[in-house]
Every structure is written in structure tokens, then in C-alpha cells.
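# Fold the following, please.
(2 chains)
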Amino acid sequence: MKRTGSAAGRRIPRLIPRIRGGVHPPDSKQLTADKPIRKMDAPSTVVLPLRQHLGAPCSPTVGKGDRVLVGTVVGDAEAFVSAPVHSSVSGTVQNVAPYPHPAGGEVLAVIVENDGENEIDPGLSPRDWKKLDEDGIRRAVRSAGMVGLGGAAFPTHVKLSPPRQYPIDTVILNGAECEPFLTSDYRLMLEAAEEIVEGLRIIMKAVGAPRGVVAVEDNKPQALRAMAETIRDPAIELRSLHTRYPQGAEKVLITTVLGREVPSGGLPMHVGVVVNNVGTAQAIARYFRTGMPLVERVVTVTGSVVRDPSNLLIPLGSSFASAVEACGGFSETPAKVIMGGPMMGLAQYTLDVPVVKGTSGILALSSAEAGYEILREPVCIRCGRCVQACPMNLIPNYLAIYGHREKWADLERLHINDCIECGCCTYTCPTRNPIVQLIKAGKVELERRKALVEKRRKDKAGAEQGEGGGDGGR
Amino acid sequence: MEGGRFIVSTSPHIRDPITTRRIMCHVIVALAPVTVYAVVIHGIHAFYVLVSSIAGAMLGELAMQRGRGLPVTLDDCSALLTGLLLALTLPPQLHWWIALVAGLVATVLGKQIFGGLGHNLFNPALVGRAVAFVSWAGYMNAGYVKTAAIGIANTATHKAIVKAVDVASGASPLAAMKIVYDPASSPIGPGGVPHGIQASSYYKPLFLANPWGCLGEVSALLLILGGIYLLAVRVIGWRIPVIYVGTVAVLTSFTGRDPLFYTLAGGLLIGAIFMATDYTTSPLADKGKILYALGLGLVTWLLRFWSNNPEGVMFAILFMNGLVPIIDRYILPRTYGTVKKPRGGETS
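Next up is the predicted model:
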């Protein structure tokens, strides 16, 4: 095996970690790292939630009894920050009704009975992105229903539309995949490096960036080599990242690659950067090559209790249960099922939830792996491990304590809103303090209180105006 | 369908295997060699001091938690560690009941009164020692032994020192040096100045087998090895011990004294490695730790050379412990993406 450093005869620059902090959980990727992506057949019914992205939910564009084809739009919205939803199968709309969503709660969903024909919508056709201008690319990306596939599911066309006052000079493709267990991005880098690089070029064109960087953690030497062999464009660089969690968090990545710090409360575009996941880039390139919108994605189905852990290409809307079944089922009933990785993923109460655009993994943990006990009221021994681990340089234990004791002003003083909720503090805490949970709760409560104060202020102003001016603006 | 049977909780779903108990056990392991060696050098009475001090600390914890109706947390080993650390700062010939009372004071007044683990302002072991120090000053000083030097320490020079110092004052090396350099401040007066004692002649015994002083001062080498172990298992950081000892050494040489002697002698090493690094009573962030360690060095130096006591480590640590809440309020790392440091009363 060739050394990483000299892949394809070229040296891949290794980046020093410019941000301290982070943790090193066991990466557990060996379960699926060597499993090629396998296409899964859609189950007899698919459930397509009309909110699979951050932003405005879609309204259904089909009704009960309508026939839909693979790639047919089933939901769309007028709002800019939104992305349409397409059918992943051909068949008949059985119902449009609220359905459990893996991100929590019930969301209005289009439920399609799969006829097994896989008939493709005739309106779809490949498009040559080189002939499109920036706006054309953005519109195409939106119509493809593209969202960030790393897990956050932010609509991609919004990221590709930075206002003119923020010129973008660099597009970073995030191939860190720092969450333990997940290997979907890794497999894509091995199997679809060509499409990833093409996707990067499309994104660079859309935002007018002269420079592209593909950043991969150094625990994936084969992915680094595959990317190095594929990148031929001198405007695109490959960078090897120090392996640690959360290396792939947007801010951590930007600072490591470029040495720039995203200002508090700001966005990557404020420092001239757009970050996309390698999976998103691949999906964009795929869309232009085939004309097929985002109707399937690679999901790592893994965990020690999964009989045959795999990287599956799953039609969106397939249930978690069908995905697990495609991996041989469970060898024992898991104690916990998580959408995403173990550090930031969302625990599920049922397997009867659909795979959505943001589903990067389905992880099943045994009771031994999932069961940590909080024996007593957790205390802080002030060991400072959370402070050391926090990539944002916060004081997580204080934020947790102040949140717990409802000291709202202190939360703001200590910059609670700069917390990226990566969970390093909680992972590393020797007393098993639920630090990030308390911080999340503190953020929500702080926001609620601010809104309340604002509302009271407005009400008061309105009332005073009403008294003074006659026709009150209540 | 296997619905409704899974654990639902928020992320992260995996945890580092580190626990409070494991941290405490690492420190106990790091202290084990010096503890055993102290008993070897000082004899069975040192063992009585150890047992009484640990028993006192654990009893104090038990009584307070029972009394307050709280779950008893002796199994986290923190009371055991407090008792052990305390014993290592006591003279080996001390009455067992003083060690027991000091142990009780350590966990009752030093820790549980403040709310228990993680809430105490001062290092519990040193609170216990300070109370014993002011209550039974005679015993605490006279307890310094005249154990016959054994093994490696049994050299001609060493014997000469033992004899000279014993004749002079029965004092520890630091006290002997205090008399040499500053006869006027010595409580026993200028009459007892031992002649011809060189600080450098203490190097070897202090490093390998020191018959004077507290249990934990028996070998600088074993303390340093314990410190290296704690650094290796990432229980402590290098900043506090290195900067503390470094500051003392630098200031000592500015004063024209022998920095190596003043590093090896007295409680500096055990204090810097095992006491000043106590999580609860030291600052959280790196910058704060640096400031804290510099302060420790300065206060230790001031007390050693400008007070009546030959030693200053205990009060330096207790003093700086008191400043930690202020350090932690004002010396915080700059949050990512922000320009100004978060300051005390200010809301940004």
C-alpha cells in the first residue's frame, strides 16, 4: 500500500489543526468501510415527508389517488429557503397525511404505493451545466431538491446564492466524515470521485469561486488517494486533515483549511467561503448527468447488532425497518436506534420512520453500548476536560451550570449561542454531566425569553401609541 | 415492527470511559510508590499516620453525607485520596489522633461544608493540614524525624548533615538553610547555626531518600515519576506544575540561593504536582492556569524567604485557591469568532 503522503506521485498537504479541542472517540468505521455501496430496492410503500430540509415546509402538489413517477415533484414551496420533494418510486399516492419523522414529531407526508415499475418521469433529462450561467445552475439545483447531505439538510441553492457584497473565493468540499461509524462519504470518495470533483466544479462556477479544496481526514488514506488520482484541475486542491471529532464541523473545517475564523453569529460566506459535503457535490453532478433529482442517497446502516452492516443506496421515503431488513436485520434487539452518527445523531423511538435527505446513517447500538447510567445527581468536578475539548473555546461546564440555575445573563456573557452542539463536552465528561443537553435547553429558553421581552416592548409601545394618537395600532 | 422499545435520549450517544473514580485512582496509583517508600524509610509509625489520616477523611465524608441525607460517595475514591494526600504532608512521627482529626477536618470543613465534591474553595487536604499546623504547631514541627538514614542516603556527608542539623535544631533541610541564610529570623536564634552546611550536599538525599520532613517529601524522584505518570494518562496538565516549580526556581536564583535545592526540598514538588493541580481548586482554562501557577510561585517564594516559616507551599496554595473564582471569572479563553474576551459584568 502506498503511503498517503505520496498518493499518485503527488504530496497531499497535511494541515495542522489550527483549532484546539475536539475528542477522539473510537471511529468504528471498520464495520462498513470496505463494503461497496449497494442499491436497495424500494419497499412497497414510501413515505415522503414534505419537510426534509431546514426552512419552509413544502405543500403537497399531488393528491390522494394521483399517479406519480420516479422524479415527479410531490411537494414544493414558494419560499426561497426550501427545497422541493420528489417521488422516489412510481406508483399511486395512497394518502397525504402526517407521519412520524426521524427528526422528531409528525410531518405532513406524501405516502406512495410503489407499483414496482420504476417508471421515470418523462420530463427529466440530463443538462449540460457548462452551458448554464450561475443563476441557471442555482435554479437547476433547486429544482433537483438538493440539500446538504451531511446531515443538516440546508437547501443547497441558498448556499450557492451568496449576496454580492460577500464574494466567495474558496469552495471547500467536506470529506472529513468525522462522525464515528459513518462511511457513506468515504465510499462515495472511493467509488464516485469523478462525480465529486465535477460537483465541486459546478459549485465553484455557481458561486464564482476561483479555488476549490477537497478536505479529507487522514484516517482515510484510500479516499485521499482516490481523490488525488481524480483531481486534475489546478484550481482544485486536496488537503489531508488531522483526524478528530468534530473536524468536519463547518467552522472547524474552515479555520483548519484556510486559517479564517467565521465571526460569531456569522456564516461561512462572511469570510468568503462556501462549504459543501462531498455527498452533496456528487449528487449535484449526478443530477446534471442524469436529470434525476434527489430521490435516493447513500446511508450507512451499521452497528454491532446489525447482521450485515452496509452502505446502502436507499430510495428516499423507504422506512428504517426496510433498510435494516436489507442488511439482514438485527442479531439482537437494539437498545437504541440513531439517525446519523453517535455524536450528533437523533435517537428514534420506532423504525417506522422514512429515510430522508438528511439521513447519513442508521446506527443501532446494543444495550451495552447505549446504556450508560446516571447514578446520582451529576456534579462538576471542574476537571476542565470540556473546556479543553470545546472547539469553540467556550466554558461548557459553566454554560451547563448557569443554564441549570437559570442565570440567563451569564449564558449570554459566556457566548452560549456560539455553541455548535457537537457534544465533545458531554462525551468527555467524567461525571456524566449532560452538558450539551443543558446548553441546548439554555439556548432555547434564552431565545424564548428574548422573544417575550421583545413582544412586551412592542405591546407597550403599541399601547402608548394607542393612548396618544387615537387609533391604536394593536 | 419493533416500535416503542428503544431508548430515546439526546446526543451524544457514546461516552469516553473516563470517570471521576478512574481519575482519583490514577492519582492514587501515582502516589503509591512514594507512599510505600515513606513507610520503608520512616518505619511503622508512618503507616499509622497514613491509616489515621485516611480513616479520618473517609469518616468525615461518610458522616457528613449520612447527616445530610445524601448518597454516600466513598466509592468515588476522592475522600481516600484526600486522606492519602493529607498524610503525605504530615510528619511521620505525628500522634495518630492528630492525623485522624486533620483527616476529619479535611473532608468536613475542607469539602463537605461547601457542598461536597466539586464545590470546595480550598484544597481539602491542605485545609486539614493547616488546621493541624496552627493547632498543634509543636507536634507538627517536632515530628520531623531523626530517622537514621538508610540505604542510598547512608553516606558520610549525609551522616554529617544529619548530625549537624540534629544538633542544631532537628530541622528539615529547608529549616536548616533558613538558619544558615537568615539566622535572625530563626526561632532558635543565631546560636544554633550549623557550620559548613552546603545546600548542594542535600541534593542526593532529597532526590533519593530524605529522612527529614513529611512522608511525601521522602523522594523527589518518586514524586516526579508520579507526575510523569499523571501527565501520561492526561489526568493533569503540564502548565501548573512546570510553571509553579519554574517560577520558584527562577525567583530563588534571583535571590541568590540555590534553585535546585529549593526545588527538591520541602513540599514544593508534592504541592506542585499533586495539590496545585487539584481540579476543583484550580482554574479551568489554560491562561488562568498559567496565572495561577505564576502566583503560586511568587507567594511560595515570598513566604519562604520573607516569613518566619521555612516553608510556604501550603499557604501559597491555599491563598491562590481563594483567588481561583476571580481568575475564572476574568481570565477566559477567547470564544471562537468573537473579538473581545468575555469580561466580568459586561454583556456583549
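# Show which residues not belonging to stretch A:192-205 make contact with it.
Residues outside stretch A:192-205 that contact it (CB atoms under 8 Å, 6 or more residues apart in numbering or on different chains): A:129, A:134, A:137, A:160, A:171, A:173, A:175, A:188-189, A:209-212, A:214, A:226-227, A:229-231, A:233, A:235-236, A:274, A:276, A:278, A:280-286, A:288-289. C-betas here are computed from N, CA, C, even on glycine.
# For chain A, see how far away the residue nearest the centre of chain B is.
Geometric centre of chain B, nearest residue: B:G271, 3.1 Å, by CA atoms, centre = their mean. Distance, B:G271 to chain A, using CB to the nearest CB, to the nearest Å: 19 Å.
# With B:Y244 instead?
Distance from B:Y244 to chain A, by CB to the nearest CB: 17 Å.
# Provide the backbone phi and psi angles at that residue.
phi -60, psi -60 (degrees, to the nearest 10).
# isn't it right next to B:L298, touching?
No. B:Y244 is not in contact with B:L298 according to CB atoms under 8 Å; the separation is 9.9 Å.
# re the thing from before, out of the contacts of stretch A:192-205, list just those in strands.
Among the contacts of stretch A:192-205, the members found in strands (DSSP state E) are A:V171, A:L173, A:G175, A:R211, A:G212, A:V214, A:I236, A:V274, A:N276.
# quick one: the residue in the stretch 51-200 of chain B that chain A sits nearest to from B:V235, how far?
For the stretch 51-200 of chain B and chain A, the shortest gap (CB to the nearest CB) falls at B:G118, measuring 4.4 Å. B:G118 sits 16 Å away from B:V235, going by CB to CB, to the nearest Å.
# do the same with A:V147
Taken as CB to CB, the span from A:V147 to B:V235 is 44 Å.
# of these two, who's got more company?
Legend: neighbour count by other CB atoms under 10 Å in any protein chain shown for A:V147 and B:V235, higher for A:V147 (29 against 21).
# thinking the more buried one is in contact with A:V81, fair?
No. Taking contacts as CB under 8 Å, A:V147 lies outside contact range of A:V81: 10.6 Å.
# list residues touching both of the two?
What both A:V147 and A:V81 touch, as defined by CB under 8 Å, 6+ apart, is the set A:L54, A:P155.
# three-state assignment of the residue most central in space within chain A?
What sits nearest the mean C-alpha location of chain A, by CA atoms, centre = their mean, is A:G151, with 1.7 Å. At A:G151 the chain is in coil, as set by DSSP: H, G, I helix; E, B strand; the rest coil.
# then stretch A:244-251 to CSV, C-alphas only?
What follows is stretch A:244-251, C-alpha atoms only, in CSV (Å, rounded to 0.1, in the frame of the first residue of the first chain):
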residue,chain,number,x,y,z
ARG,A,244,-10.5,14.1,15.4
TYR,A,245,-14.1,14.9,16.1
PRO,A,246,-15.6,17.4,15.1
GLN,A,247,-13.1,18.1,12.3
GLY,A,248,-15.9,18.2,9.8
ALA,A,249,-17.9,20.9,11.7
GLU,A,250,-18.1,23.8,9.2
LYS,A,251,-16.3,26.4,11.4
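# so how far is that stretch from its chain's centroid?
Centroid separation between stretch A:244-251 and its chain, computed with CA atoms, centre = their mean, to the nearest Å, is 12 Å.
# neighbouring contacts of that stretch?
A:17, A:22-25, A:150, A:174, A:176-180, A:217, A:241, A:252-253, A:256, A:261-262, A:268, A:275, A:343, A:391-392, A:420, A:422, A:424, B:336-337.
# Narrow the residues you listed to those that are buried.
Neighbour-count burial (16 or more other CB atoms under 10 Å in any protein chain shown) applied to the contacts of stretch A:244-251 gives A:17, A:22-23, A:25, A:150, A:174, A:176-180, A:217, A:241, A:252-253, A:256, A:261-262, A:268, A:275, A:343, A:391-392, A:420, A:422, A:424, B:336-337.
# Show me what the longest helix along chain A is packed against.
Secondary structure of chain A per DSSP state H: the longest helix is helix A:435-469. Packing partners of helix A:435-469 (3 or more CB pairs under 8 Å, 6 or more residues apart in numbering or on different chains; DSSP states H and E): helix A:396-404, helix A:408-413, helix A:424-428.
# Show me the chain divided up by domain.
You didn't say which chain, so I picked chain A. For chain A, automatic domain parsing gives the domain ranges A:5-31+A:127-290, A:45-114, A:300-365, A:385-447.
# looking at chain B here, not the other one
B:20-142, B:147-212, B:237-330.
# can you give me the strands in chain B?
Assigned strands in chain B: none (criterion: DSSP E).
# pLDDT below threshold where in it?
Applying pLDDT under 70 to chain B picks out residues B:1-4, B:141-171, B:176, B:179-198, B:340-348.
# What is the burial count for A:S125?
Using other CB under 10 Å, A:S125 has 9 other residues around it.
# looking at it, it is touching A:G291, isn't it?
Yes. Using CB under 8 Å, A:S125 is in contact with A:G291, at 4.5 Å.
# Just confirm A:V324 is within a helix.
Yes. According to three-state DSSP, A:V324 belongs to a helix.
# Which pLDDT value goes with it?
What the model reports for A:V324 is a pLDDT of 95.
# what sits against it?
A:V301, A:V306, A:F330, A:L351, A:I362, A:A364.
# Name the SS class of the fourth one, please.
A:L351 falls in the coil class when you classify it by three-state DSSP.
# How about the last one?
Under the three-state scheme (three-state DSSP), the conformation of A:A364 reads as strand.
# That one: how many residues sit nearby?
The number of residues packed near A:A364 is 28, by other CB under 10 Å.
# Check B:D328 too.
Look at B:D328: counted by other CB under 10 Å, it has 18 neighbours.
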